[in-house]
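Peer 1: predicted model, plus sequence, below.
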Amino acid sequence: MTPQMIANLPLSSGQTSGIRALATGSVATAPHQPVKNSGLCVASIPGLMYQFLLRKDGSLSFLFLSPNFGDFFELDAGAMDVDTETLVAMIHPDDRDYFYDSIKNSADALESWNWLGRFNLPSGEIKWLQWDAQPSRQANGNIFWNGLLVDVTSQQQLNDEVERLCFLLGVTERLQSTSDLYEIANFALTYLVQATHAAFGDVKVIERDAENWRSCWLTNYVSAQVIANFGERVVTEILTGLQKSADQDREFLGQVVQTGTTLVIEDYASHLEFSIDGCELPVGQIIMFPIPASDGTVLAVLTLHSNHPEPIQNSRIKEMVLAACRILGVRLEQAKSREELRQANIQLESAYDKLREQTQNLEQTLCELKQTQAQLIQSEKMSSLGSLVAGIAHEINNPVSFIHGNLPFARKYFQDLLFLLETYQKYGPQPGPEIEQLTEEIDIGYLREDLPRILTSIQTGSERIRDLVRCLRNFSRLDESELKKVNIHEGIENTLLLLNNRLKAQHWRPEIEVIKDYGNLPGVECYVSSLNQVFMNIISNAIEAVEESFATGYLDAKQNKGQIWIRSELKSGQISIAISDNGFGIPAALQSRLFDPFFTTKPVGKGTGLGLSISYRIVTEKHGGQLKCISAPGQNTEFVIQIPLKQIKMSQKWPPSAEIPA
């Protein structure tokens with residue numbers, strides 16, 4: 001409110017001239033003397049006392065001023081008497097409207113006049129003054145104001161300091177209570193926008209790489225007054241426009257980033273390339289504050305947008321903003337260090353995971369190499385043995401087949417010769433001495449009886465040899481390495497036939513009895529030669545377990561019999577073959593290593609530790625089944641083989657280089 005506005009106030013005729021006189025400085029002052037009948041010493045009263053009168057005709061004059069009034073305002077007493085406008089002109093420009101409005105309100109309502117504001121003294125000092133006065137209307141229509149003026153600069157400075165400390169304490173509490181950088185920055189920005197009466201505010205983080213830098217918004221805040229005046233939709237459009245004008249801000253940001261100093265941009269609205277129909281952007285100018293790191297580099301920039309920048313440039317407010325920027329800088333630096341540490345930890349964890357994965361791969365590769373080596377060794381042995389067995393079987397088969405095939409003819413020929421001899425004896429009853437002597441030497445009677453038995457024995461032996469040759473050929477199966485549907489019991493029987501000699505009684509133990517409990521199984525699709533090898537390994541181990549139990553005394557040769565049970569059945573589309581023995585059993589500590597390559601409980605020279613390992617891979621990887629051992633000391637041992645009736649080719653799990661040949 002200006003002096004001209006006061007002069008035009010709609011007051012009563014008596015009031016108008018008086019207030020106008022106060023506004024224009026034409027008020028006459030009374031001589032400096034104590035208030036009559038006050039009973040007080042003016043010098044003893046804190047502050048300054050004053051009294052002025054608004055007459056009915058509208059004239060206004062000071063009736064009393066404290067003696068030190070001029071010294072208080074750094075003015076001569078004469079200047080105060082003559083030109084009161086000087087006093088009004090000393091009021092801070094930001095506080096004048098409030099000053100005039102308060103006078104008007106007091107005059108209209110005859111209410112107490114209370115006003116707090118700043119005065120710019122001639123020396124440059126700024127004083128905060130509290131004016132209080134009580135109006136009263138006299139019977140003649142005049143109005144008196146009796147009041148007291150007090151210097152509250154120290155109190156106001158204390159309030160400002162308390163406000164600053166409260167703000168810094170709030171920021172510090174956020175630092176201690178949360179590690180969320182956004183929350184801390186948003187708290188500081190919200191307070192600063194409100195304290196500086198700014199319209200907008202934002203914090204942009206500066207990100208640097210090897211050659212360039214770029215800015216990105218961390219947070220922004222819009223004052224409640226702007227939202228109330230424009231509405232959230234328009235405010236959103238304004239913020240979007242400000243974000244799009246980031247390229248224009250790059251030049252300004254660059255100055256702050258390079259210099260590390262505050263930058264004030266006047267008439268900022270003229271730089272913007274966007275507008276919103278029907279409203280004037282509430283952005284007059286901006287002030288950019290650097291948020292520094294400990295080494296002086298700029299980590300971020302705090303920007304305040306305002307149409308009233310004077311409070312922001314006020315030293316007290318500016319210092320508060322800079323203090324907040326320093327705190328944010330420390331927090332940003334900590335967050336940056338923590339992020340770098342987090343990224344380093346992530347990289348270390350990633351490297352550790354990769355190293356651990358590589359170690360696991362190397363361990364797995366080493367294990368596979370060991371298994372492959374074992375398989376190659378065993379494969380070579382089995383290949384040589386298979387070829388040898390097949391060759392021997394073939395070579396034996398030819399002469400045995402010749403003998404077996406000619407035995408019926410030989411029997412017939414001998415029978416014919418014996419019949420011819422009997423006929424000669426019948427028709428030539430008196431042989432010569434030489435024939436009789438030869439007959440006695442040959443013992444024709446015994447020859448007649450024994451020769452058929454010899455021929456029968458030869459035929460039985462040839463049949464036994466033919467069976468063994470057939471078993472060897474069936475076991476080796478060199479011509480049947482692919483999947484084939486077979487009778488699984490035939491493979492077990494062939495294995496038992498080949499191991500028959502080991503089942504027979506020895507001088508130190510009785511015969512090992514094989515008890516079979518075969519189920520009704522359909523044809524099983526399998527790799528025949530490989531599965532026969534599994535049967536051979538497990539049944540051989542069962543025989544050795546029984547023999548060791550007799551050797552160690554667990555089984556008594558006079559009281560116990562060695563026994564092996566073979567049981568087969570069909571379960572849920574899988575065949576199950578259980579081979580168990582009545583040996584001592586396997587300790588639990590050793591069972592987890594039974595299928596490891598080169599692990600064996602046999603004495604040196606008695607085993608390689610490859611049989612069960614290869615058997616396990618044949619069953620699990622080549623046939624997609626399971627091989628389990630169920631045992632405990634003193635409770636026998638049972639190996640259970642489970643394979644599906646129909647195979648899915650497992651070539652991806654069984655490399656050809658590691659395949660065990662028939």
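Peer 2: Yes, it's here. Computed from a prediction, not measured in an experiment: that's the story for all the values here.

Peer 1: rest of the way, CA atoms for contacts and neighbours
Peer 2: Noted.

Peer 1: show me the shaky parts of the stretch 51-200 of the chain.
Peer 2: 58-61, 77-85, 171-172, 174-179 (pLDDT under 70).

Peer 1: buried residues in whatever helix or strand residue 537 lives in?
Peer 2: Per DSSP states H and E, residue 537 falls inside helix 528-552. By 16 or more other C-alpha atoms under 10 Å, the buried positions in helix 528-552 come out as 528-540, 542-550.

Peer 1: could you do stretch 113-124 as well?
Peer 2: For stretch 113-124, by 16+ other C-alpha under 10 Å, it's 113-121.

Peer 1: send me stretch 96-112 as PDB with only the CA atoms.
Peer 2: Output of stretch 96-112 as PDB, limited to C-alpha atoms (Å, rounded to 0.1, in the frame of the first residue of the first chain):
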ATOM      1  CA  ARG A  96       5.800  -1.100   3.600                       C
ATOM      2  CA  ASP A  97       2.600  -2.600   2.300                       C
ATOM      3  CA  TYR A  98       2.000  -4.300   5.600                       C
ATOM      4  CA  PHE A  99       2.800  -1.100   7.400                       C
ATOM      5  CA  TYR A 100       0.200   1.000   5.500                       C
ATOM      6  CA  ASP A 101      -2.400  -1.700   5.700                       C
ATOM      7  CA  SER A 102      -2.000  -2.000   9.500                       C
ATOM      8  CA  ILE A 103      -2.600   1.700  10.000                       C
ATOM      9  CA  LYS A 104      -5.700   1.600   7.900                       C
ATOM     10  CA  ASN A 105      -7.100  -1.400   9.800                       C
ATOM     11  CA  SER A 106      -6.400   0.200  13.200                       C
ATOM     12  CA  ALA A 107      -8.100   3.500  12.200                       C
ATOM     13  CA  ASP A 108     -11.200   1.800  10.700                       C
ATOM     14  CA  ALA A 109     -11.800  -0.500  13.700                       C
ATOM     15  CA  LEU A 110     -10.300   1.400  16.500                       C
ATOM     16  CA  GLU A 111      -8.300  -1.700  17.300                       C
ATOM     17  CA  SER A 112      -4.800  -1.900  18.700                       C
END
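
Peer 1: could you check how many residues crowd around residue 432?
Peer 2: 9 (other C-alpha atoms under 10 Å).

Peer 1: next up, phi/psi of it, please.
Peer 2: In terms of degrees, to the nearest 10, the main-chain angles of residue 432 are phi -70, psi 170.

Peer 1: which residues does residue 92 contact?
Peer 2: Counting by C-alpha atoms under 8 Å, 6 or more residues apart in numbering, residue 92 touches 117-120.

Peer 1: who touches stretch 449-469?
Peer 2: 393-394, 396-397, 400-401, 403-404, 407, 411, 497-498.

Peer 1: now do stretch 408-416
Peer 2: Residues contacting stretch 408-416 (C-alpha under 8 Å, 6+ apart): 452, 455.

Peer 1: mind naming the longest helix for the chain?
Peer 2: helix 315-427 (DSSP state H).

Peer 1: run the chain-centre distance for that helix.
Peer 2: Helix 315-427 sits 34 Å away from the centroid of its parent chain (C-alpha atoms, centre = their mean, to the nearest Å).

Peer 1: right, and the helix or strand after it?
Peer 2: Using DSSP H and E, the first helix or strand after helix 315-427 is helix 433-442.
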